[in-house]
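Peer 1: below are the sequence and a predicted model; questions follow.
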Amino acid sequence: MTKLIEKEQVDRALNQLLSLIVGTKFARLTDSLKDDPSERIQKCLELALIEYKEASTYADAESKVAQVNRKLDSIQSLTVLAQLSSEIIWD
């Protein structure tokens, strides 16, 4: 019989992927929210939006903006997965 995935495993996976996507700085800033991945993802999204605004002021703005856009897209994908996780009835 296949072992069912538990909510704690999903939360850990979301946190791990988020840390990889946003980098050490944002991961450390939001570490206190690791028990609530949805909230942590939302906070990282807010931080990334600030980073996006700042990126437009850089000398190599086009490259930096593209990098932050990829980060924002990935965070948005995690938002969808976190929402799905919250809609599941966990035993």
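Peer 2: Structure's in. What do you need?
Peer 1: now for the longest helix along the chain, which elements pack on it?
Peer 2: With secondary structure taken from DSSP state H, the chain has its longest helix at helix 61-87. Judged by 3 or more CB pairs under 8 Å, 6 or more residues apart in numbering; DSSP states H and E, helix 61-87 is in contact with helix 7-29, helix 37-55. All C-beta spots, glycine's among them, are computed from the backbone N, C-alpha and C.
Peer 1: how big is the angle separating the shortest one from helix 7-29?
Peer 2: Here helix 37-55 runs at an angle of 30 degrees relative to helix 7-29 (axes from the mean of the first three to the mean of the last three CA atoms, to 10 degrees).
Peer 1: tell me the mean pLDDT for helix 37-55?
Peer 2: In this model, helix 37-55 has a mean pLDDT of 96.
Peer 1: next one: the longest one
Peer 2: Per-residue pLDDT values across helix 7-29 average out to 97.
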